[in-house]
Structure formats: structure tokens, C-alpha cells
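Student: With the input below, show me the fold.
(2 chains)
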Amino acid sequence: SQQGEEDPQALSIQEGENATMNCSYKTSINNLQWYRQNSGRGLVHLILIRSNEREKHSGRLRVTLDTSKKSSSLLITASRAADTASYFCATDDSGTYKYIFGTGTRLKVLA
Amino acid sequence: DVKVTQSSRYLVKRTGEKVFLECVQDMDHENMFWYRQDPGLGLRLIYFSYDVKMKEKGDIPEGYSVSREKKERFSLILESASTNQTSMYLCASLTGRTDTQYFGPGTRLTVL
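Tutor: Model prediction:
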């Protein structure tokens, strides 16, 4: 069953703007991860946040996690055309290695 | 750098054929995964393996089997390919040290 659901499904912004994507999940987790996928390619890991963390930064990426609401957000600041891709959240199913991915947010950054 | 390779980027097979998709990782990871990705459905887990000769079913194992005879290699087998198995197949590996999955480039399989 899919428990990670991203919102919005698609997002189109201008270069330089910030992009925010949200993810909701259903079960308890040990960690939540965000991945990026360029068209027709494999996924690339972006950032991992553990259940006892509330916020994490990596370069232009900022991830928040609210375990009480079972939700996470990914913020990409000062977006670039090269950020155009699909972004997925993934959660470990009740602490197992059986990761569950959402359907993704398609981000388009216009130059 | 971790490298996960898949045997083919594109594959075209006929209905009823037996299909082998191979995945190899070079980082001595214990865990390996097979997913399929379809538009609007995201990634769905077919099978995963947490050790040599060990396997567990994912969410959609029907019509598939797997083999892990060596730690670095995880094979996905379609016993009798059907058109509804046309999809992008993604392999990944993971070590418990980082909980991070590393993906291969994917195999786009078309079953005619």
C-alpha cells in the first residue's frame, strides 16, 4: 500500500523562486527520506530526516518533519532550471527496510 | 561512490517469454530491492532481500520471482511475461549504516 503521498502533484515556478512540496504518511516511522528523479532515470537520494528530528538542512534544501501530523515538507530555495525533476518522499514501514514511496511531485523550474 | 548497475536500459520481450533483469551493486550492501514504476502510481515494491538467499515479498510480488545467490547480485525474474508487466523497473541497494537507498538507472521493459 502507498502511504507516502506528495502534494502538489505538479508545480511550476520561475527560476529563483522557492519550491515547497509536502508529504503525508500513515504509519510510525524511523526516518523519512526525499529523493529526486530526472526524467527516465533512477532516483537520487537527497536528504534523510529521522523521527526524532524536526528540521534538517542540506545546501539549498530544507526538510521538516512533524510526526504528530505524520507529514513532512521539502523546501528548495532559489530554484534553478536544473532542479526540474520529480521529487519523492519515502518512509520506512514501521521501522523495517520495506520503504514506501509516494507518487511524487513533478517540479518544473522555468528559466 | 556507490554504483548500482542494471543489465539493460531498454528491453523488448514477447508475451509468455521468461525475462531476467539483473542488478549488481559494488558496495557490499546487505539489502537490495526491486521496484516497478508506473505513471500515477509511483514506485511499488516487488521484492526485497536482506541477505544472500533471503527474500521477502513486497506489495506486488505476483508474476515475479527473485534470486540472490551472491551478495552483490539481485535478479528479478518474470516467469511468463505479460503486457501488464510493461513498466520501468528500478533496482536499489541499502546499507543499515546509513539507511540510504542507492538506485540503478532503471530498465524500461516493454512486453508485446
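Student: What residues does chain A have near chain B?
Tutor: Chain A comes close to chain B at residues A:1-2, A:4, A:30-31, A:33, A:35, A:40-45, A:48, A:88, A:90, A:92, A:97-104, as judged by C-beta under 8 Å from any C-beta of the partner chain. C-beta coordinates here come from the backbone N, C-alpha and C atoms, glycine included.
Student: Point me to the residue sitting closest to the centre of chain B.
Tutor: By C-alpha atoms, centre = their mean, chain B has its centre lying nearest to residue B:34, at 3.0 Å.
Student: What helices and strands are in contact with the helix or strand in which it is found?
Tutor: Applying DSSP states H and E as the criterion places residue B:34 in strand B:31-38. Judged by 3 or more C-beta pairs under 8 Å, 6 or more residues apart in numbering or on different chains; DSSP states H and E, strand B:31-38 is in contact with strand B:19-25, strand B:42-49, strand B:64-70, strand B:73-78, strand B:87-94.
Student: Would you mark the buried spots in that strand?
Tutor: B:31-37 (16 or more other C-beta atoms under 10 Å in any protein chain shown).
Student: pLDDT added to those residues, as CSV?
Tutor: What follows is the buried residues of strand B:31-38, written out as CSV (pLDDT from 0 to 100):
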residue, pLDDT
B:31, 93
B:32, 96
B:33, 96
B:34, 97
B:35, 97
B:36, 96
B:37, 95
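Student: Now the nearest residue to residue A:67 once chain neighbours are set aside: phi and psi?
Tutor: Computed as C-beta to C-beta, 6 or more residues apart in numbering or on different chains, the closest residue to residue A:67 that is not its neighbour in sequence is residue A:51, at 5.7 Å. Main-chain dihedrals, residue A:51, degrees, to the nearest 10: phi -60, psi -20.
Student: dump the residue contacts of residue A:51.
Tutor: A:28-32, A:65, A:67 (C-beta atoms under 8 Å, 6 or more residues apart in numbering or on different chains).
Student: likewise residue B:52?
Tutor: By C-beta under 8 Å, 6+ apart, the residues touching residue B:52 are B:68-71.
Student: Name the member of those with the most neighbours.
Tutor: Within these, most neighbours by other C-beta atoms under 10 Å in any protein chain shown means residue B:68, with 20 neighbours.
Student: Let me see the contact set for the closest residue to that one other than its chain neighbours.
Tutor: In space, residue B:68 comes closest to residue B:49 once its chain neighbours are excluded; the distance is 4.5 Å by C-beta to C-beta, 6+ apart. Contact partners of residue B:49, counting by C-beta under 8 Å, 6+ apart, are B:31-33, B:55-56, B:66, B:68, B:74.
Student: What is the nearest of those residues to chain A?
Tutor: The shortest approach to chain A among the contacts of residue B:49 belongs to residue B:31, at 5.3 Å (C-beta to the nearest C-beta).
Student: which residues touch the closest one?
Tutor: Neighbouring residues of residue B:31 by C-beta under 8 Å, 6+ apart: A:97, B:48-50, B:93-96.
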